[in-house]
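[1] Starting from these lines, generate the structure:
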Amino acid sequence: MKPADDASPSRLPTISLIFVYGTLKRGQVRHFALAGQRLLGDAKSRPRYRMVNLGSYPALIEGGASAIAGELWEVDATCLALLDEIESVAEAYYRRGEILLAPPHDDLIVEAYFFDADVSSLPDHGEVW
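    The predicted structure is shown next:
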């Protein structure tokens with residue numbers, strides 16, 4: 001889904017595509033935040049990322065060589081705001097940004113939550129949380 005050219009609040013898209021890879025996935029502790037949203041199915045990123053273990057949750061990093069497994073969700077603006085709150089976007093803990101997915105989802109504009117802090121001392125978690 002492509003955003004509108006005019007990014008004024010009244011023209012923001014009402015539906016967004018989000019790739020989740022950790023505690024927001026089905027069966028995980030924060031999945032409640034996706035209640036009432038539409039699951040499009042399992043998805044995998046292109047092999048350009050890395051997932052590290054922060055203890056009780058993972059962090060997605062750009063610039064790795066792993067294809068991260070997750071789920072693709074269609075969410076409304078209210079849910080997206082809740083997800084931003086859960087992921088502490090306003091505090092710059094995570095940031096929401098575009099992620100490149102593998103086929104058959106490679107033609108979609110999809111966002112995920114990325115961690116930008118120093119992770120050099122954190123263990124790699126592989127491709128699946």
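[2] ok, so what distance separates the most centrally placed residue in the chain from Arg50?
    When CA atoms, centre = their mean is applied to the chain, the residue found nearest the centroid is Ala112 (2.3 Å). According to CB to CB, to the nearest Å, Ala112 stands 13 Å off from Arg50. The C-beta positions use only the backbone N, C-alpha and C, and glycine is treated the same way.
[3] Next: Gly63.
    Distance from Gly63 to Arg50, counting by CB to CB: 7 Å.
[4] hang on, the earlier thing: for the residue nearest to the centre of the chain, helix, strand, or coil?
    Secondary structure assignment for Ala112 (DSSP: H, G, I helix; E, B strand; the rest coil): strand.
[5] Provide the secondary structure category for the residue lying closest to Ala69 once chain neighbours are set aside.
    Spatial nearest neighbour of Ala69, excluding adjacent residues (CB to CB, 6 or more residues apart in numbering): Val128 at 4.6 Å. At Val128 the chain is in coil, as set by three-state DSSP.
[6] Which of Gly63 and Arg50 has more residues huddled nearby?
    Taking other CB atoms under 10 Å, Gly63 and Arg50 do not tie; Arg50 has more neighbours (21 against 7).
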